[in-house]
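> One predicted model, sequence on top.
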Amino acid sequence: MASENKRRWGFVIEVKRCIDCKACMVACQVENQVPLGKHRNWIGRIGPTGTFPILGLKFEPGNCMHCDNPPCERVCPTGATYQRDDGLVLVDYDKCIGCRYCMQACPYDARYVDHEHGYVDKCTFCVHRLDAGQPPACVETCVGGSRHFGDLNDPNSEVSKLLATRDHYVVYAEAGTEPKIFYIS
Amino acid sequence: MEQIEWNLLVVNYLFLAGLSAGAFAISSFATYIGGPHFRRVARIGALIAPFPVAIGVGILVLDLGRPFAFYYLFLTVQFTSPMSIGSWLLTGFIVLSLAYAALWLPAPFDNLLRVPNRAHLKDFSQWTPLAPNTIRRWRAILAAIGFPLALGIGIYTGILLGAIPSRPFWNTPMVAQLFLFSAMSSGTATVLLVTALLGARHAHGYEEERRLLVSTDVVLIVLEIFMLVPFLLHHALSTWSSASSIELILGGEYTWWFWIGVILLGIVLPLIIEAYELFPVILKEGAARYSLALSAISAVFVLIGGFILRFVFVYAGQASHFLPLVTR
Ligand code: SF4
Ligand code: SF4
């Protein structure tokens, strides 16, 4: 499979299962030593919707979507932001000059400035764990079973199966970024 | 974004780069329409051009998260990144405009323009001064090469913002033209201001010089209006995200800055003053009412308006967002 099939990492997130416990945010902070006050993932809030007394509130967890067509990479003046063969969008910290142009370009506001080092940083899909054969920290820790992760190119992966059988959407499809986080509502 | 990432430093930089481009363009224009009447405009524009942009670039480098890594900009050309193309363009422009400014040095500094003399390589005073003919030829050559570069800088300051789809407020083709015309207008206004401060004393052909500057500025301001109206209409008639984004200047946070700063100070008032100066000529009822005080005032208004225009765009753009906004 993986050796012949090029890998394409992606998330499938079940919105209904998220209970807003923020365990994924804490796991990420610890795993990636994210500076205090910054975060690489978030819990978005949709709603409240409906009319009283029948109200709804949904939680939409997110992080960098490792877009197939990443605007952050397009605008980066030094080539610091680049895309790997397996679709991961990463920052080469040596080349990053901290101009923050990529932060203007990302429609999901997925990036932040690491003020200690001066460069811009964001979710890496835990590339160090992936390369060691482990899933991202947020996926492993997800309490509600909302976050699923895997190889979108492998038809037998959990994510591919979910996408084949369930209705799903992406955020800001009109932005043309082709994000690789898919949501099941 | 949770906070404004590009702040007043970036506003300054965009404004100063545009001002330099405009000063160069009006100088180059004056060089080409030629004649002794426009000498002073050409010289002042040329002498101003390299400096604001150089200061602006300095400010911008300091604003980087890693200022000492700035040289990575120049180890590559990223064709899809306006900032990469712009960095190269700015470098070329600054070098060229410095050389151009040197060629316009007034006496007695013009005798610094010399070519090395092989026999007395170490003794500068023995070097051969450039012949007036040669100086004139090089002025013309650099003015011609620099003109498109200057337009490029003006456009680039707008494209930098306009090429970002995720900020709906910026994402229209009008921003590039608007910034271009505003850049040309701020440059012209600076020359207008400096000539007004120097007074009529040194000017040959005072009338012609005033007419060139004042009427050029009127044309540029009108062109700005031609961009602002479609800008507002485009947004108002576009997608939800786009239409909501101009609420930032139609009742939202930047409304007063836009209508008082950009429209009233930067466009309406200078236009009224300059039209007042030119009116008798337009009606063919006599001589124009050029006044150095009025020129200076209208120029200052144009400059303030140009600065606030950059401020409103840089800030409102960053506050604009695709909708629906998922709150975090
Ligand atoms: S989510 Fe933002 S930072 Fe991540 S790849 Fe897409 S545009 Fe770039
Ligand atoms: S902040 Fe760094 S990664 Fe982002 S565009 Fe600038 S150089 Fe590229």
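Looks like it arrived, so ask away. Ligands and ions are numbered 1, 2, ... in the order given.
> contacts for the helix-or-strand element of chain A with minimal mean pLDDT?
Using mean pLDDT, DSSP states H and E, strand A:41-51 stands out as the lowest-scoring helix or strand of chain A, at a mean of 89. Strand A:41-51 is touched from outside by A:15, A:18, A:20, A:22, A:24-25, A:28, A:55-63, A:123, A:138, B:326-328, with contacts defined as C-beta atoms under 8 Å, 6 or more residues apart in numbering or on different chains. (Glycine included, C-beta is placed from N, CA and C.)
> now swap in stretch B:192-205 and tell me
With C-beta under 8 Å, 6+ apart as the test, stretch B:192-205 has contacts from B:35-41, B:44, B:48, B:206, B:209, B:213-214, B:217, B:292-293, B:295-296, B:298-300, B:303.
> Looking at these, which are in helices?
B:39-41, B:44, B:48, B:206, B:209, B:213-214, B:217, B:292-293, B:295-296, B:298-300, B:303 (DSSP state H).
> is it true that residue A:148 touches residue A:160?
No - with contact defined as C-beta atoms under 8 Å, residue A:148 does not count as touching residue A:160 (10.2 Å).
> Looking at the two, which is more packed in?
For residue A:148 versus residue A:160, neighbours defined as other C-beta atoms under 10 Å in any protein chain shown are more numerous around residue A:148 (22 against 18).
> Can you say which helix or strand has that one in it?
Taking DSSP states H and E as the criterion, residue A:148 maps to strand A:147-151.
> what's the answer for residue A:109, then?
Assigned by DSSP H and E, residue A:109 falls outside every helix and strand.
> Would you quantify the distance from it to residue A:64?
Note on residue A:109: its distance to residue A:64, by C-beta to C-beta, to the nearest Å, is 10 Å.
> of those two, who's got more company?
The residue with more neighbours, out of residue A:109 and residue A:64, is residue A:64; 25 against 17, by other C-beta under 10 Å.
> quick check, residue A:62 in a strand?
Yes - Residue A:62 sits within a strand when classified using DSSP: H, G, I helix; E, B strand; the rest coil.
> how about the closest residue to chain A within chain B, what does it touch?
Nearest to chain A in chain B, going by C-beta to the nearest C-beta, is residue B:65, at a distance of 1.9 Å. Contacts for residue B:65 (C-beta under 8 Å, 6+ apart) come out as A:96-100, A:113-115, A:117-120.
> and stretch B:249-266, how far out from the chain's middle?
On the basis of C-alpha atoms, centre = their mean, to the nearest Å, stretch B:249-266 sits 21 Å off its chain's mean C-alpha point.
> mind listing the helices for the stretch 201-328 of chain B?
Remark: helices assigned in the stretch 201-328 of chain B by DSSP state H, counting those that start in this stretch are B:206-236, B:240-245, B:255-256, B:269-282, B:292-319.
> Check chain A too.
A:23-32, A:71-75, A:101-105, A:127-130, A:137-141, A:158-165.
> Quick check: which of those helices is nearest to ligand 2?
Closest of the helices of chain A to ligand 2 is helix A:101-105, at 3.3 Å (criterion: C-beta to the nearest ligand atom).
> quick check: mean pLDDT across that closest one?
For helix A:101-105, mean pLDDT is 97.
> Point me to the residue of chain A nearest chain B.
Residue of chain A nearest chain B, by C-beta to the nearest C-beta: residue A:98 (1.9 Å).
> Dihedrals phi and psi, that residue?
phi 80, psi 30 (degrees, to the nearest 10).
> how many neighbours does it have?
Count around residue A:98 with other C-beta under 10 Å applied: 20.
> so the residue lying closest to residue A:162 once chain neighbours are set aside bridges to which residues?
Nearest residue to residue A:162 in three dimensions, chain neighbours excluded: residue A:12, at 4.7 Å (C-beta to C-beta, 6 or more residues apart in numbering or on different chains). Bridge pairing for residue A:12 (DSSP bridges) gives the partners residue A:148, residue A:182.
> Please identify the residue most distant from the middle of the chain.
All of this is about chain A. residue A:53 (34.2 Å; C-alpha atoms, centre = their mean).
> switch to chain B, that's the one I care about
Outermost residue of chain B (C-alpha atoms, centre = their mean): residue B:119, 44.0 Å.
> All set, thanks.
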